[in-house]
Each structure stands twice: as structure tokens, then as C-alpha cells.
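# Got a predicted structure plus its sequence, pasted below:
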Amino acid sequence: NDVPIFLKKAAENFAKIKTEKGKKIDSLFTLIKKITPAKRSEIFDNKLLRNKKVVINEKDLEKAKELMYYAYAHAPLELRKKEKVLFEEWKKTDYTDLKPNERKKIVEEALIEKYGKDYVGFLKTPYFMRVRINKIINKKNHLSGRMRGSVLRTYLNVTILTILKGKNYYSIDDTITVTFMPIWFENSNVFPPKFMVGEEYLIPLNNWKNYSTNILELDMHGLNTLYQIKNGNVYNPLISENKVIKSWDNFKKEFELKYLIDK
């Protein structure tokens with residue numbers, strides 16, 4: 001009875017939002033279950049020794065796109081936890097069923113066929129922000145198990161300047177940590193990004209493996225999805241440091257129009 005009314009309302013609103021997120025994510029996986037085959041044998045072509053193409057009707061595909069967008073944009077942590085729960089449930093089966101994530105991948109491939117790789121890549125990007133680099137720290141992470149030794153991990157201390165995706169979680173002028181491993185790029189024979197203190201970048205991000213919101217991980221789906229902003233213009237630094245893609249104002253407008261469903 002001594003709890004202030006505004007705190008009670010805040011708690012009620014939080015519970016309501018949490019319930020809504022859970023329902024939307026449940027709806028996504030219920031739909032995926034409905035529109036994709038359950039058994040591996042249903043999609044494997046024994047004659048050609050490869051998977052058959054799964055056809056999803058237009059209405060179901062559009063609904064899946066909307067629910068997937070909501071999950072990544074508004075409930076990325078809840079989505080990851082749900083995927084983990086579903087995987088643990090799958091492990092209790094006889095393994096003849098497709099994994100939950102394999103069935104989700106079938107829907108993603110149908111979306112890629114219709115909208116393109118970049119569209120689905122940005123749809124699955126929870127956070128997309130323009131940031132300024134304040135500090136760069138390189139640390140060696142020691143590996144255990146079969147992969148013994150150490151590997152370099154980079155940590156970027158950045159200030160958020162603009163948020164294209166992730167406004168429910170972060171605000172302008174927030175300072176966050178972004179991490180990546182240079183070896184991700186080296187394994188593909190690509191030079192890692194040369195981030196510079198004081199410079200501005202537009203970067204796609206995801207939650208780190210421990211679901212932390214304090215540290216985000218660089219989550220590119222192609223070299224063309226890392227951007228640098230100089231003098232009001234946008235560049236793809238891993239493709240060309242000198243070629244202007246377009247002005248920042250035009251890039252922002254076009255991105256919001258093309259990739260944000262709830263703009």
C-alpha cells in the first residue's frame with residue numbers, strides 16, 4: 001500500500017510490454033511451424049542429394065516478415081532466449097525433425113528470394129547506429145578446449161549520435177562498448193576495419209553471446225554494411241575509402257523508408 005502510484009503503473013506497463021513481446025515471439029514460431037516442413041525427410045531430395053525448395057504463400061510470408069521484424073527490433077533478447085528454449089526441446093527428440101532454427105532459416109531464405117540479402121540482413125539487425133569512436137582497446141582472449149591459444153578481440157568505446165534501429169534500448173549521447181574479432185575478417189582474406197578515434201561510423205550491432213546490453217557485437221552481413229561518415233557523406237570503408245555512396249541525409253531517409261516497418 002505504500003508503493004507510489006506511478007511506480008505501480010510503471011510495473012504494470014513493464015509486465016504488459018513483456019507479455020506482448022512473449023506473445024509476438026510465440027506467434028512467430030507458431031507461424032514458422034505452420035508454414036515449414038517438420039521432418040528433414042520432407043525437404044531432402046534423395047535423387048539430387050540436396051534440399052528441395054520450400055514454397056511459402058505470399059500472405060504467410062508477409063506475416064512472417066512483420067513478426068520477424070518485431071522480434072529483432074523490439075525483443076532481441078527475448079528472441080534469443082526463446083530460440084535457446086526451443087533448441088533444448090529439440091534435443092530431446094529423435095533428431096529426425098528439423099531444428100527450430102533450420103525451419104526459421106527456410107523462411108529467411110524465402111524472404112531473401114523476394115526482398116534480397118540486404119533487406120533480410122537489416123531486418124535481423126536489432127541495432128543500427130551512427131557512433132563516434134572515443135577509445136579503442138585490443139585485448140587477447142585465451143581459448144580453451146581443442147582451440148587452445150589466444151585471439152585478439154577489439155573493444156570500441158563509442159558515443160551514440162543517431163539511432164536508426166534500437167531506440168527502445170538506447171538514447172542519443174549514450175556511451176556503449178562495441179566488440180569484434182579481427183580474425184573474423186582475416187579468415188575471409190579481408191583486412192579488418194581500421195577504426196579511428198574521433199571518427200564517425202554507422203554500424204550494425206547485435207547483443208553479445210551472454211545477452212548483455214552493456215556490450216554489443218559488430219554484426220555485419222556483408223562488407224557493404226559497415227559505413228563511415230565524413231563531411232556529411234557516407235562511405236563503405238571496407239570496399240572503398242574514397243568513393244561516396246550518398247549524402248548522410250539521403251542515406252538516412254532511404255534506409256528508414258526501405259528497412260523500417262514501424263518508422
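Yes, it's here.

# Report the distance from stretch 42-51 to the chain centre.
30 Å (C-alpha atoms, centre = their mean, to the nearest Å).

# gap between the two ends of it?
Taking C-alpha to C-alpha, to the nearest Å as the measure, stretch 42-51 stretches 9 Å from start to finish.

# And the contacts of that stretch?
37, 52, 54, 98, 106 (C-beta atoms under 8 Å, 6 or more residues apart in numbering). All C-beta atoms are positioned from the backbone trio N, CA, C, and that covers glycine.

# what separates the fourth one from residue 196, distance-wise?
Just to be clear, that refers to residue 98. 45 Å (C-beta to C-beta, to the nearest Å).

# Now list the buried members of the contacts of stretch 42-51.
37, 98, 106 (16 or more other C-beta atoms under 10 Å).

# mind listing what the second one touches?
Contacts were defined as C-beta under 8 Å, 6+ apart; by that measure residue 98 touches 36-40, 43, 106.

# Which ones among the contacts of stretch 42-51 lie within helices?
residue 106 (DSSP state H).

# And the contacts of stretch 42-51, which two are furthest apart?
Spatial extent of the contacts of stretch 42-51 (C-beta to C-beta) is set by the pair 52 and 98 at 12.6 Å.

# so which strand or helix has residue 62?
Residue 62 belongs to helix 58-74 when assigned by DSSP states H and E.

# elements contacting that helix?
With contacts defined as 3 or more C-beta pairs under 8 Å, 6 or more residues apart in numbering; DSSP states H and E, helix 58-74 has these neighbours: helix 5-35, helix 76-90, helix 100-115, helix 117-123.

# Pull out the buried positions in the second one.
Yep, that's helix 76-90 we're talking about. Result for helix 76-90 [16+ other C-beta under 10 Å]: buried residues 76, 78-80, 82-83, 86, 90.

# so what does it touch, helix or strand wise?
Looks like helix 76-90 contacts helix 5-35, helix 58-74, helix 100-115, strand 200-207 (3+ C-beta pairs under 8 Å, 6+ apart).

# Determine which of the ones you listed approaches residue 260 most closely.
helix 58-74 (8.2 Å).

# just for the protein, where's the confidence low?
1-18, 143-149, 210-213, 263 (pLDDT under 70).

# From the centroid of it, which residue is nearest?
Centroid check for the chain by C-alpha atoms, centre = their mean gives residue 125 as the closest residue, at 3.0 Å.

# can you pull the contacts of it?
72, 165, 204-206, 219, 221.

# Now a ChimeraX select for only the buried ones of those.
Buried residues among these (16+ other C-beta under 10 Å), as a ChimeraX selection:
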select :72,165,204,205,206,219
